Structure formats: structure tokens, C-alpha cells
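Participant: Pasting a predicted model and its sequence here:
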Amino acid sequence: MENLINIFVRSIFIENMIFAYFLGMCSFLAVSKSVKTATGLGIAVIFVLVVTLPVNYLLENYILKEGALAWLGPSFASVDLSFLSFIMFIAVIASITQLVEMVVEKFAPALYNQLGIFLPLIAVNCAILGGSLFMQQKEFQNVGEATVYALGSGVGWLLAIVGIAAIREKIQYSNVPKPLRGLGISFIITGLMGIAFMGFMGIKL
């Protein structure tokens with residue numbers, strides 16, 4: 001249990017997808033103009049991560065990795081399908097993203113219209129693929145750890161986009177110098193938030 005809490009907290013604060021690795025910046029900057037829209041996209045990202053990362057973990061450990069097919073028999077023990085990892089991960093992510101898009105369009109058409117092209121672009125959001133690639137790198141012991149990591153990474157991404165959306169709503173009433181208005185000040189704020197999140201690196205877990 002302690003290990004799962006450790007993974008969850010680290011993935012939110014210390015290994016935050018936005019502020020530690022700057023993954024998913026395109027939708028982070030484009031959709032963070034209002035808190036409501038940012039929250040909707042953040043929840044969608046959490047859902048896609050929580051579904052795709054465990055599926056990709058099972059694919060990696062029971063089909064793709066060298067020796068993963070040993071459960072089929074001794075003759076399959078030497079089979080290595082790891083070269084298919086990228087394409088399989090992307091196929092799973094694209095499938096789940098399509099499902100999310102259909103659900104949002106059906107039950108929240110207003111949010112669907114606000115998110116626009118950025119909802120289907122979750123399929124190519126590097127934070128989503130990054131989660132699966134980090135899962136490979138970290139070599140989690142079981143699917144539970146992978147799921148907790150996915151949830152923490154999604155919550156961290158939601159926290160980041162909602163945080164900057166709230167700030168961007170406030171600075172609309174601030175006297176920002178003309179050359180910095182729009183993306184300019186957003187980049188500066190993102191950098192400052194990244195520096196602030198570096199303070200969590202001192203947490204002992």
C-alpha cells in the first residue's frame with residue numbers, strides 16, 4: 001500500500017507530466033483559456049490514461065516483451081515482439097480516445113464543442129503516450145502499480161492545466177505588457193509553475 005501511495009504522489013508532484021517533462025504542451029496551452037474547458041479536457045486525459053496504461057502494461061508483459069509469450073508454450077519463449085510496442089500503444093490510445101470522443105459528444109455536447117479539435121488530439125497527446133513509455137522504463141511489478149501511476153499522471157496533468165487556466169482567467173484583468181499578452185505570458189507562467197513544482201523534489205517518500 002505504501003508503495004502505491006509513493007507512486008501516486010510522485011507521479012502528481014515530482015514527475016508531473018507538464019512541469020517535469022513538458023509533455024502535452026500543445027493542448028495544455030491551447031485549451032487553458034477557461035477553467036471549465038480545462039477541467040473537461042483534464043478529466044478526459046485522466047480517463048484515457050487510466051484505461052490505456054494498464055492495457056498497454058498487459059500487452060507489454062504478456063505479448064510484446066521478449067519471452068512474454070512463454071505462457072503459450074516453450075517454443076514461444078524466445079519470441080520478441082517489442083518492436084511493435086509503439087504501434088500497439090498508439091492503436092490502444094487511439095481506440096480509447098475515439099470512445100471518449102463519442103461519449104462526450106453524446107452526453108456533453110457543449111463541452112464537446114468547446115474542446116473542438118483538441119479532444120480527438122488526445123490520441124496524439126504526448127503525455128498519454130509518454131505515460132506508457134515511462135511504464136516500460138519503470139518496469140512496474142504488477143498492473144495495479146501501472147494503474148496507480150496512470151491515475152497520478154492524469155491527476156497531475158489536470159492539476160497543471162486547471163492551475164494555469166485559473167491564472168489566465170485572472171490575468172485578463174491585469175495590465176500585461178502588449179508584447180507578452182497571450183502565449184508569451186502563458187509560457188512565462190508555465191516556467192514559473194515548473195520551478196515551483198521543483199520544490200516538491202525535496203519530498204522524501
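Facilitator: Thanks, I have the structure now.
Participant: can you tell me which helix in this structure is longest?
Facilitator: helix 143-171 (DSSP state H).
Participant: pLDDT on the helix or strand that contains residue 134, on average?
Facilitator: When elements are assigned from DSSP states H and E, residue 134 belongs to helix 126-138. What helix 126-138 shows for mean pLDDT is 92.
Participant: hang on, the earlier thing: show me what the helix or strand following the longest helix of the chain is packed up against.
Facilitator: Remark: after helix 143-171, the chain's next helix or strand is helix 183-198, criterion DSSP H and E. Applying 3 or more Cβ pairs under 8 Å, 6 or more residues apart in numbering; DSSP states H and E, we find helix 183-198 packed against helix 25-30, helix 143-171. To be clear about C-beta, it is placed using only N, CA and C from the backbone, and glycine gets the same treatment.
Participant: any idea how far residue 176 lies from residue 79?
Facilitator: For residue 176, the distance to residue 79 equals 58 Å [Cβ to Cβ, to the nearest Å].
Participant: and if you look at residue 69?
Facilitator: Taking Cβ to Cβ, one finds residue 69 at 5 Å from residue 79.
Participant: can you check residue 182 too?
Facilitator: 52 Å.
Participant: for residue 8, same thing?
Facilitator: 34 Å.
Participant: okay, those two: which has more neighbours?
Facilitator: Between residue 8 and residue 79, residue 8 has the larger neighbour count (other Cβ atoms under 10 Å), namely 19 against 15.
Participant: Let me know the angle separating the helix or strand where the more buried one lies from helix 126-138.
Facilitator: If you go by DSSP H and E, residue 8 is part of helix 2-9. Angle of helix 2-9 versus helix 126-138, following axes from the mean of the first three to the mean of the last three Cα atoms, to 10 degrees, is 150 degrees.
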